[in-house]
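Trainee: What follows is a predicted protein model with its sequence.
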2 protein chains.
Amino acid sequence: MPTPLADTPTPPTPMETIAKERLNPPFDLRRMTYAMGDGEKEVKLREKHMMEIQRNPLFRLDDIHDLTKDQLRERTMAKFSTMVSYVSNERIDEFQKRMNVVSLADPGFWTRFVILGAIRSGATANQMSYWMSKGLLGLNGMVGCFGMTELAHGSNVAGLETTATFDEQTDEFVIHTPSVSATKWWIGGAAHSATHCSVFAQLIVKGQVYGTKTFIVPLREPKTYQLLPGVAIGDIGKKMGRDGIDNGWIQFTNVRIPRAYMLMKHTQVTRDGEVREPPLAQLTYGALLQGRTAMVADAANVAKKALTIAIRYAAVRRQFKVGENKLESQLLDYPIHQRRLLPLLSQAVAMGFTSYRMTALFEEMSGQLESLGSDSDEAETKEVLEKLKETHATSAGLKAFCTWNALETIEKCRASLGGHGYSAYSGLPGMYADQAVQCTWEGDNTILTLQSGRSLVSSYADAVKGQKLPGGTAYLNGLPGVLTASCPSDEATLDLKTLEAGWDTVSANVVRQAYEKFEGAMKSGKGREEALELCSQERFVAARVHTAGYMFRMFHEALVELAKDEPKDNGVIKTLDDICRLYGCWAIEENAAQFLKYKFFTPKQMDIISNEVTSLCAELRKCAVLLTDSFGFTDHIINSPFGRYDGNVYESYYNQVKAANPHNPVAPYFERVIRPLIEREPLELGDDADSMELDDEIAEIQAEREEEKGEAETADEAEKELKKPAEE
Amino acid sequence: MPTPLADTPTPPTPMETIAKERLNPPFDLRRMTYAMGDGEKEVKLREKHMMEIQRNPLFRLDDIHDLTKDQLRERTMAKFSTMVSYVSNERIDEFQKRMNVVSLADPGFWTRFVILGAIRSGATANQMSYWMSKGLLGLNGMVGCFGMTELAHGSNVAGLETTATFDEQTDEFVIHTPSVSATKWWIGGAAHSATHCSVFAQLIVKGQVYGTKTFIVPLREPKTYQLLPGVAIGDIGKKMGRDGIDNGWIQFTNVRIPRAYMLMKHTQVTRDGEVREPPLAQLTYGALLQGRTAMVADAANVAKKALTIAIRYAAVRRQFKVGENKLESQLLDYPIHQRRLLPLLSQAVAMGFTSYRMTALFEEMSGQLESLGSDSDEAETKEVLEKLKETHATSAGLKAFCTWNALETIEKCRASLGGHGYSAYSGLPGMYADQAVQCTWEGDNTILTLQSGRSLVSSYADAVKGQKLPGGTAYLNGLPGVLTASCPSDEATLDLKTLEAGWDTVSANVVRQAYEKFEGAMKSGKGREEALELCSQERFVAARVHTAGYMFRMFHEALVELAKDEPKDNGVIKTLDDICRLYGCWAIEENAAQFLKYKFFTPKQMDIISNEVTSLCAELRKCAVLLTDSFGFTDHIINSPFGRYDGNVYESYYNQVKAANPHNPVAPYFERVIRPLIEREPLELGDDADSMELDDEIAEIQAEREEEKGEAETADEAEKELKKPAEE
């Protein structure tokens, strides 16, 4: 049925629509911002850093989608130069926080400083001052790069092929790449900008291989940047993302360095070739751990940034009229759209609170680790190592699942923008491409998950023996009762305490399942390593469930802490309580199979959980835009017309597209390919060939032959089919 | 402990390693290739097409990662030109198959021909001949583009804002873009290469709005490509992927076209402004349906291509020594790696068989649809429409989940390559970026899933009324018994028939849950539309489970069919049976919550299912490389050094990177940004400022003031913190 043109209603503008979302806030926005951002002090510091980069013209972001790889690299290097004065003059923890903000704007950035951590963790005090004096920190006369990965080896650092052979005669190491597959690969900064590399290589002394150690190897002459003798370097070229960093490959051909260029905090090689190894090799993993910790915080921030874009757009975009409505509905009003975004928001918030608590824990531990020396006593060393073990396992699972969660969140946010998520200018494709590598480097996520699962199996064995477990695995202290606990009643289903008990029970069961499969394999005579491989799927599931439960507990604990100081009437705790319950319920729904299998919840209670997820989504929808405000990102950091604070989505997107793609209606390749196509004469083979009357002639010849031969050979079926005349 | 250098074993080369994978094949490879590829005839046709594009120099693929957007567009246009003779001279179904192969090599391609489908489905016979004579098919004098989406409207085609107002005086339509948000957006080919656009616009006649119809609007003068009056066009610019297509935006300002340029197969407008509407509007959706069908087939192929890369690489890559092994293990030997890839392989094969069966069904239906005319009788029309309804719902769910599956498969394959998956040259980042849009266009996946769920709710209502259901929803004919069926015994758990019964029971239950929530909302007085929104999460789950079960049934049916003709002793059926069972079991594991909730399987039986997944992965690992061979892609199509047939992964990757990034050790931006950084004097503010002895002076002044004032004001806490001297 036609409708009169005059009846068409005019919808409010996007800006009017989003402004309405901010009326009657159910919480004190500034207090919520502090809660979300780890407190007033941290939030103000972040705001200071955001302002500083926003006003720095090198941190222009709106044009990055159309820069070439070379242009991106040049700009990254220029930005890097402006950061150098901070690294020299700022406290390391403040600089780290500054870098977290910079990473949100330009995620390629941080890798520039990786070598610093490597040298800090591996150098003796004298070596550290030496390299500092050479310009390691200030980048005067020296730009470093981190040379671990090879073409054929990444995760298995112990299997690296590059060799560092000690030459006793000259007191030098000979650094050598024995084959193409041993080529150093992915080395960030190697292609064009580094002068020195911290090379991971097999230490060989007097015909004995001592495993992988680190050596500082000069690559280029620092004045002219010409390659030094024996050093071959190339450009890795185009990557999925992070094209601002000039990753390169390096081959060493018998390159000689002084013995003192080996980092000797842990293993030492003396002048006459004596090798002194540290009591415990894992001490060198400190630097890796630090990287993982930062990645959990990054994951939370990246997820919040993506959600800010998706939620603000969903508030503004209208699509379909529902029922009798005259106006099309906001996307955010659709229950399915709430379901797509708000559980992810609760997860991002959970990751944030988890990262604040873990960062503190890890910093404490790093301090203890660094103060360990050769003079530390056994008890002290053992305590630190126990802690290292637990921290290592926890950080492994958190790094893996948080970086995966962030990647998935970006993709779901991107898809929630519909077609516009496919525009580079939405910012989300670039965020995805930049985030993806976080799931691989600093420990491949699958390998880390299995490590975490291995540690859980070992904790279970300890618990069975009656050992009391600390921290994140404390739920195993409740064995065996915890295994068979269940939700006390339908009414109690949604209590945060019930949810926490549910996570305890289900986590204990999945860990038990991995442990029993492992024990079964051992009893059937398998070696330890093989037995672990045989329960790898169970270890994976155990780590997944354990980590989700761990994050829920962290969030819940943070909430209890916050509630102590937060005024009761400002709505902050009430809303965070909803978000925490949403995270808990949704994560249970996502792991529903385990909760049903171990009978913590009945099917009916699982329906209560699912309905609660839907209800909480509807409740939080009311303040969803305000929650994105509480994440506290500037429009500059968001860098997407779809995530603008003011909601002016279409005009700013349209203007950005126009600015980035100046008017040029006729393609540069018009004369070369379009004109020849459109003006060509149609190719019609043998238009006049019918006049040959060939078929009659053939028929005659054929008739003659058949008389002679009896039966003709048939051609291939497909060939015949292909030669049928076109029907259209 | 050090190890003697002499003991280091030399592993076999990658080529030797992969060659070993092909020894003792458990099936006849050629017969398996035919089975996987929909039969000998189709496989040979595909091989012919692959050879033709491989030898076409314009289809060079190894350099695409480093081409700029303009270069990609030029090459795409040049390739497009070489395809034009096929579209004119080949049967449409063969041409479609050719395009499927071309799409695998260059996924941006197909959109060029979308307009053809639109005109075919909307034009009268006379209109069709007219546009053919203008060069629509042969692209002589005319290049078309498809103009549906607008900046603020995509999925809701009925809400498009562009207007086509009939001017009775001149017998013309006036095409007009009323606002920025009504700008035609994403129009493939509009930026530079199209001369005409099929514009979707609101038909307005005599002040009445008749909804969205299609109009052919000339954009450019075909000789000079200058824009016609009233037409403004711009370039959409950088996208996530598919940069070979010049998507553009178009604004029309009172552009006049003859009345005959409206496509009038369905709705007609007469000379005096009478509007004749068709009895049923959904007939115009035929063209969309065709697109979806092809996308299911594409999804299967894309997933197989990604898996070929990941599996061949996993056979070659070695990582970690397990237990006493002297050599590092192949990735493919790790149970967790088998678990990562082989269920996805089974899913890709399931999607392939599903697509073969559905393509046949859809082609049959399209024929019937096209033969429907104004003279068709009511019964005939009704039958076709019933079928259309079912096909629409089935295709909606399949399009959504198969394109999602393919996207997820690419990403998981990419991640399984570790760091190398982040290299553009691995091919997988590009595949991901190209595939992503498949989940949005031709019907956003979430919306399609909900459509499918809506149809399932309606089928359930029909079944409750006793109506017999055809095809994919036939399991609902078993109501109510099917709802409470369960696995007869632990021993029967793994029978394909049990799995199928399980899918029936669980599908019926999830559909029931959506139906009951819908009915509940209706009974509580909600309107139909709102009630549907309130059960959208349940509809979503219903469609997900239903579609997975549907694919399992399709695969199982195809297997039964194949077994009739296939020789028993060549191993093909045995292996396909394993793959089918793996798909069935794994998909059950993925939906374990539902199978437990509805008690088809006990927790113990779910463990049997999970263990079977692990066992089948180990079994299929033995022939995994041969299975990738059976997918039958040439190295040219694979276009990834990591997926090479010969396994020569590292050398060819290294050579490709070198070729694509010629030696240039000093960056082009060296003088501009690197030298100023590395040679700068360190910035140390006020090195000699200490000599001012300012602090003593301040202390004096301060002491004086405090005497006066009693107490000083304290500055902000954060400010003080920031001004602390740097400690490092």
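Mentor: Here it is on my side, so go on.
Trainee: So A:T214, which state does it fall into?
Mentor: strand (DSSP: H, G, I helix; E, B strand; the rest coil).
Trainee: residues contacting it?
Mentor: Contact analysis of A:T214 by Cβ atoms under 8 Å, 6 or more residues apart in numbering or on different chains lists A:118, A:122, A:198-201, A:262-263. (Glycine included, C-beta is placed from N, CA and C.)
Trainee: In terms of pLDDT, where does the nearest residue to A:P229 once chain neighbours are set aside sit?
Mentor: Nearest non-adjacent residue to A:P229, counting by Cβ to Cβ, 6 or more residues apart in numbering or on different chains: A:V255, 7.5 Å away. Note on A:V255: pLDDT of 97.
Trainee: now, among the contacts of A:T214, which is nearest to A:F633?
Mentor: Minimum separation from A:F633 among the contacts of A:T214 (Cβ to Cβ) is found for A:A118, which lies at 31.1 Å.
Trainee: Can I get stretch A:585-593 in CSV, CA atoms only?
Mentor: Coordinates of each C-alpha in stretch A:585-593 appear next as CSV, following Å, rounded to 0.1, in the frame of the first residue of the first chain:
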residue,chain,number,x,y,z
CYS,A,585,26.4,-14.9,34.0
TRP,A,586,27.4,-14.4,30.5
ALA,A,587,30.7,-16.2,31.0
ILE,A,588,28.7,-19.1,32.6
GLU,A,589,26.4,-19.1,29.5
GLU,A,590,29.5,-19.2,27.3
ASN,A,591,30.7,-22.2,29.3
ALA,A,592,27.3,-23.7,29.8
ALA,A,593,28.3,-27.1,28.8
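Trainee: model confidence over it, on average?
Mentor: Computed over stretch A:585-593, the average pLDDT equals 98.
Trainee: go on, stretch A:311-318?
Mentor: The pLDDT scores in stretch A:311-318 average 97.
Trainee: Same check on stretch A:69-77?
Mentor: 92.
Trainee: ok, and does it reach over to chain B?
Mentor: Yes: judged by Cβ under 8 Å from any Cβ of the partner chain, stretch A:69-77 comes into contact with chain B through A:70, A:73-74, A:77.
Trainee: which residues sit against stretch A:124-133?
Mentor: Under Cβ under 8 Å, 6+ apart, the answer for stretch A:124-133 is A:119-120, A:123, A:142, A:216, A:260, A:263-265.
Trainee: okay, those residues in CSV with distance to A:K326 next?
Mentor: Below are the contacts of stretch A:124-133 laid out as CSV (distance: Cβ to Cβ, whole Å):
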residue, distance to A:K326
A:I119, 66
A:R120, 64
A:A123, 70
A:M142, 68
A:I216, 71
A:A260, 79
A:L263, 71
A:M264, 76
A:K265, 72
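Trainee: any chance of those residues in TSV, plus distance to chain B?
Mentor: TSV is the format used below for these (distance: Cβ to the nearest Cβ, whole Å):
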residue	distance to chain B
A:I119	14
A:R120	10
A:A123	15
A:M142	8
A:I216	17
A:A260	21
A:L263	18
A:M264	17
A:K265	18
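Trainee: which of these tops the neighbour count?
Mentor: Most neighbours among the contacts of stretch A:124-133, by other Cβ atoms under 10 Å in any protein chain shown: A:I216, with 27 neighbours.
Trainee: Pull out the buried residues from the lengthiest helix in chain A.
Mentor: In terms of residue count, the longest helix belonging to chain A (DSSP state H) is helix A:378-416. Applying a neighbour-count criterion of 16 or more other Cβ atoms under 10 Å in any protein chain shown, one finds A:384-385, A:387-388, A:390-416 buried in helix A:378-416.
Trainee: what does stretch A:359-366 give?
Mentor: Those would be A:359, A:361-362, A:365-366, for stretch A:359-366 by 16+ other Cβ under 10 Å.
Trainee: Please enumerate the strands of the stretch 101-250 of chain A.
Mentor: A:144-147, A:163-167, A:172-176, A:184-188, A:196-205, A:208-218, A:231-235, A:247-252 (DSSP state E, counting those that start in this stretch).
Trainee: tell me the most buried of those strands?
Mentor: Most buried of the strands of the stretch 101-250 of chain A by mean neighbour count (mean count of other Cβ atoms under 10 Å in any protein chain shown) is strand A:144-147; its value is a mean of 29.
Trainee: is it true that A:L58 touches A:K79?
Mentor: Yes: A:L58 lies in contact with A:K79 (Cβ atoms under 8 Å); the separation is 4.8 Å.
Trainee: Comparing these two, which residue is more hemmed in?
Mentor: A:K79 (22 against 16).
Trainee: still on that earlier bit, who's in contact with the residue nearest to A:P229?
Mentor: Contacts for A:V255 (Cβ under 8 Å, 6+ apart) come out as A:174-176, A:217, A:228-231.
Trainee: Of those, which is the nearest to chain B?
Mentor: Nearest to chain B out of the contacts of A:V255 is A:V231 (Cβ to the nearest Cβ; 9.3 Å).
Trainee: Which residues are in contact with the closest one?
Mentor: A:217, A:219-220, A:250-253, A:255.
Trainee: Export these to a markdown table and append columns for distance to A:E561.
Mentor: Formatted as a markdown table, these follow (distance: Cβ to Cβ, whole Å):
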| residue | distance to A:E561 |
| --- | --- |
| A:V217 | 48 |
| A:L219 | 49 |
| A:R220 | 51 |
| A:I250 | 48 |
| A:Q251 | 53 |
| A:F252 | 52 |
| A:T253 | 58 |
| A:V255 | 54 |
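Trainee: what two of the residues you listed are the furthest from one another?
Mentor: A:R220 and A:T253, at 15.5 Å, using Cβ to Cβ across these.
Trainee: neighbour-wise, which of those two wins?
Mentor: A:R220 (23 against 13).
Trainee: doesn't A:L228 make contact with the more buried one?
Mentor: Yes: using Cβ under 8 Å, A:R220 makes contact with A:L228 at a distance of 6.4 Å.
Trainee: Go ahead and build a PyMOL selection from the buried members of the residues of stretch A:69-77 next to chain B.
Mentor: PyMOL command restricting these to the buried ones, with burial defined by 16+ other Cβ under 10 Å:
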select buried, chain A and resi 73+74+77
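Trainee: Which ones among the residues of stretch A:69-77 next to chain B lie within strands?
Mentor: Per DSSP state E, strands hold no members of the residues of stretch A:69-77 next to chain B.
Trainee: Which of the residues of stretch A:69-77 next to chain B fall in helices?
Mentor: Assigned to helices by DSSP H, the following of those qualify: A:70, A:73-74, A:77.
Trainee: Can you add distance to B:E529 and give those back as CSV?
Mentor: Formatted as CSV, these follow (distance: Cβ to Cβ, whole Å):
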residue, distance to B:E529
A:D70, 53
A:R73, 53
A:E74, 54
A:M77, 56
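Trainee: what's the farthest-apart pair in the residues you listed?
Mentor: Among these, A:D70 and A:M77 lie farthest apart (Cβ to Cβ), at 10.7 Å.
Trainee: Give the intersection of the neighbour lists for these two.
Mentor: Joint contacts of A:D70 and A:M77 (Cβ under 8 Å, 6+ apart) are B:Y669.
Trainee: Tell me the predicted confidence for A:F95.
Mentor: With respect to pLDDT, A:F95 has a value of 87.
Trainee: That one - how many residues pack around it?
Mentor: 18.
Trainee: again, but for A:F59
Mentor: Close neighbours of A:F59, defined as other Cβ under 10 Å, add up to 18.
Trainee: Tell me which residues touch the nearest residue to it once chain neighbours are set aside, please.
Mentor: Sequence neighbours aside, A:I53 is the residue nearest to A:F59 in space, at 4.4 Å (criterion: Cβ to Cβ, 6+ apart). For A:I53, the contacting residues are A:59, A:101-102, A:105, A:636, by Cβ under 8 Å, 6+ apart.
Trainee: Helix or strand for A:I53, just tell me which one.
Mentor: helix A:40-54 (DSSP states H and E).
Trainee: Spell out, range by range, the strands that occur in the stretch 351-500 of chain A.
Mentor: Using DSSP E, counting those that start in this stretch, strands in the stretch 351-500 of chain A do not occur.
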